[in-house]
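Chemist: sharing a model that was predicted from the sequence below.
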Amino acid sequence: SAVISQKPSRDICQRGTSLTIQCQVDSQVTMMFWYRQQPGQSLTLIATANQGSEATYESGFVIDKFPISRPNLTFSTLTVSNMSPEDSSIYLCSVEPRGGYEQYFGPGTRLTVT
Amino acid sequence: RKEVEQDPGPFNVPEGATVAFNCTYSNSASQSFFWYRQDCRKEPKLLMSVYSSGNEDGRFTAQLNRASQYISLLIRDSKLSDSATYLCVVNEGGSYIPTFGRGTSLIVHP
């Protein structure tokens, strides 16, 4: 398994601003994922962030809006840029220590944009 | 990406009841299957993997039916603490990216 922490746990931001979410893992992992979960909905994958390569974004998500860094095997950041109320959601990072198998999630960042 | 379908529920059952959830997947090349549990305002946590031969963990039994492309989760002797959303997750063959179902909500009442 893996232990994952996220910062901040929650934030309230004004529209037009940006927020960077940090994800820290207690072990080295190749594959990290960023998800969004809106109230009452399932998880939507934003992007896959593998160390040493550019993040791969899913349809509907672009790097300008959600830039991701992955400087090493234990850390990643997701920035939500130029926020609007529609970005209000829970953002979760996850890791897949064994590729193609189970994932472990961070506790999430609850973002509210006013 | 291919679809993973779940009945959203909610399933409202009394304590001690047996309840079963199904999840269908559309990609016949899918290789890995999981059930996750998500409590309200918490992150998803792995409940159990689903193997071809089926697997059991205490009151929980997961089964895979490749021919009909569905997986199931059976919960026996339901507890109040089983109340949560249960997410079905499928990994396509050759892909490390999972597909999550929308989740099935379970409410166990006294």
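Modeler: Received it, and whenever you're ready, just let me know what you need.
Chemist: give me phi/psi at the residue most central in space within chain A?
Modeler: Here the mean C-alpha position of chain A is nearest to the C-alpha of A:Trp34 (CA atoms, centre = their mean), at a distance of 3.3 Å. When read as degrees, to the nearest 10, the backbone of A:Trp34 gives phi -120, psi 130.
Chemist: give the contact list for it.
Modeler: A:Trp34 makes contact with A:Cys23, A:Leu45, A:Ile46, A:Ala47, A:Ala49, A:Phe66, A:Ile68, A:Ser76, A:Leu78, A:Tyr91, A:Leu92, A:Cys93 under the criterion CB atoms under 8 Å, 6 or more residues apart in numbering or on different chains. For the C-beta atoms, the positions are set from N, CA and C on the backbone; glycine is no exception.
Chemist: which other helices and strands does the helix or strand of chain B with the lowest mean pLDDT contact?
Modeler: Ranked by mean pLDDT, DSSP states H and E, the helix or strand of chain B with the weakest confidence is strand B:98-100, at a mean of 87. With contacts taken as 3 or more CB pairs under 8 Å, 6 or more residues apart in numbering or on different chains; DSSP states H and E, strand B:98-100 sits against strand B:30-38, strand B:84-92.
Chemist: tell me what the residue nearest to the centre of chain A is bridged to.
Modeler: Beta-bridge pairing for A:Trp34 (DSSP bridges): A:Ala47, A:Cys93.
Chemist: what about it, distance to chain B?
Modeler: Note on A:Trp34: its distance to chain B, by CB to the nearest CB, to the nearest Å, is 12 Å.
Chemist: low-confidence stretches in chain B?
Modeler: Along chain B, segments meeting pLDDT under 70 span B:1-2, B:93-95.
Chemist: now do chain A
Modeler: A:99-100.
Chemist: need the residues of it near chain B, please.
Modeler: A:31, A:33, A:41-43, A:45, A:48, A:92, A:96, A:99-108 (CB under 8 Å from any CB of the partner chain).
Chemist: narrow the residues you listed to those that are buried.
Modeler: A:31, A:33, A:42-43, A:45, A:48, A:92, A:96, A:100, A:102-108 (16 or more other CB atoms under 10 Å in any protein chain shown).
Chemist: could you dump the helices and strands packed on strand B:98-100 to CSV with mean neighbour count?
Modeler: Shown next, in CSV, are the helices and strands packed on strand B:98-100 (neighbours: other CB atoms under 10 Å in any protein chain shown):
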stretch, mean neighbour count
strand B:30-38, 21
strand B:84-92, 24
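Chemist: closest one to A:Glu58 among those strands?
Modeler: strand B:84-92 (14.1 Å; CB to CB).
Chemist: now the closest one: how far from the chain's centre is it?
Modeler: 5 Å (CA atoms, centre = their mean, to the nearest Å).
Chemist: with stretch B:24-31 instead?
Modeler: So, by CA atoms, centre = their mean, the centroid of stretch B:24-31 is 15 Å from its chain's centroid.
Chemist: buried set for it?
Modeler: For stretch B:24-31, using 16+ other CB under 10 Å, the buried residues are B:Thr24, B:Tyr25, B:Asn27, B:Ser30.
Chemist: what's the span of it from first residue to last?
Modeler: With CA to CA, to the nearest Å as the measure, stretch B:24-31 spans 14 Å from end to end.
Chemist: which of the contacts of A:Trp34 lies closest to B:Ile75?
Modeler: Comparing the contacts of A:Trp34 against B:Ile75 with CB to CB places A:Leu92 closest, at 24.7 Å.
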